[in-house]
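**Q** I need the structure of the sequence given here:
(chains A and B)
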Amino acid sequence: QKEVEQDPGPLSVPEGAIVSLNCTYSNSAFQYFMWYRQYSRKGPELLMYTYSSGNKEDGRFTAQVDKSSKYISLFIRDSQPSDSATYLCAMRGSGNTPLVFGKGTRLSVIA
Amino acid sequence: IAGITQAPTSQILAAGRRMTLRCTQDMRHNAMYWYRQDLGLGLRLIHYSNTAGTTGKGEVPDGYSVSRANTDDFPLTLASAVPSQTSVYFCASSPTGYTDTQYFGPGTRLTVL
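**A** Predicted coordinates:
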């Protein structure tokens, strides 16, 4: 079992829909959780960064971490065609430990 | 400010040839990383450097080497390319090692025939 599991999709939704993207993980030492967005033929860019359990909101984006279930989510409200991209979750433990990435979920928002 | 630049943008290479992928950052970040991204496998760490003069191995280091002579540059060398090294390669940097957010370059698409 990989340390981080993420459904690759593709996920296709109509404009304005609420999108839910998820990752599960097996390593209970993970404490820092990130979501990266990657447009086609571009490098990943950081979207959300959370520490430990809880929610974090930034505009239309909400990141949620449930450490007891080893489950993280990214919600996108009022989705737009410009949100069409691949979303990668990433996480790491404390100290000098490497980032572990999910495989990414490809999202298409249809106008 | 350019952030991270990578060169070349894309390359087709014959198997057995030597190739160096270039990465330069202008953010004065201490740590730099090389990843490869393959369909179905996601991003995998090849090598990293926490500070100039030091390097370390990631998840998939075999067939690759790196050097970090200064803060800004972190080249990745394929000594004798093989078709399984066909991939998209991303360079990234962070201010102080794994404890910080990583910023990615635009990538190099490499095809080894």
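
**Q** what comes up buried for stretch B:29-38?
**A** Under the neighbour-count criterion of 16 or more other CB atoms under 10 Å in any protein chain shown, stretch B:29-38 has B:29, B:30, B:31, B:32, B:33, B:34, B:35, B:36, B:37 buried. (C-beta placed from N, C-alpha, C; glycine too.)

**Q** averaged pLDDT, that stretch. What do you get?
**A** For stretch B:29-38, mean pLDDT rounds to 95.

**Q** mind saving the C-alpha coords of it as CSV?
**A** Output of stretch B:29-38 as CSV, limited to C-alpha atoms (Å, rounded to 0.1, in the frame of the first residue of the first chain):
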residue,chain,number,x,y,z
HIS,B,29,16.4,29.3,-1.2
ASN,B,30,18.7,26.9,0.6
ALA,B,31,17.0,23.7,-0.4
MET,B,32,16.5,22.3,-3.9
TYR,B,33,14.9,19.2,-5.3
TRP,B,34,14.5,17.1,-8.4
TYR,B,35,11.4,15.2,-9.1
ARG,B,36,10.2,13.1,-12.0
GLN,B,37,6.5,12.9,-12.9
ASP,B,38,5.1,9.9,-14.7
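
**Q** check the offset of it from the chain's centre.
**A** With CA atoms, centre = their mean, to the nearest Å as the basis, stretch B:29-38 stands 5 Å off its chain's centre.

**Q** can you name the residues in contact with that stretch?
**A** B:21, B:23, B:25, B:43-52, B:58, B:60, B:64, B:66, B:68, B:71, B:74, B:76, B:85, B:87-98, B:100, B:102-103, B:107 (CB atoms under 8 Å, 6 or more residues apart in numbering or on different chains).

**Q** my guess is residue A:47 contacts residue A:74. True?
**A** Yes: using CB atoms under 8 Å, residue A:47 makes contact with residue A:74 at a distance of 7.5 Å.

**Q** neighbour count: these two, which is higher?
**A** For residue A:47 and residue A:74, the more surrounded residue by other CB atoms under 10 Å in any protein chain shown is residue A:74, and the numbers stand at 23 against 18.

**Q** near chain A, which residues of chain B?
**A** By CB under 8 Å from any CB of the partner chain, the residues of chain B that approach chain A are B:4, B:40-45, B:48, B:50, B:58-59, B:90, B:92, B:97-99, B:101-107.

**Q** low-confidence ranges, chain A, go.
**A** A:1 (pLDDT under 70).

**Q** contact residues of it facing chain B?
**A** A:6, A:8, A:34, A:36, A:41-46, A:49, A:88, A:92, A:95-99, A:101-104.

**Q** of the buried residues of stretch B:29-38, which pair is most distant in space?
**A** The two members of those with the most space between them (CB to CB) are B:30 and B:37, at 23.6 Å.

**Q** related to what we said a few turns ago, tell me which of the contacts of stretch B:29-38 fall in strands.
**A** Secondary structure defined by DSSP state E assigns B:21, B:23, B:25, B:43-49, B:64, B:66, B:76, B:87-94, B:103 of the contacts of stretch B:29-38 to strands.
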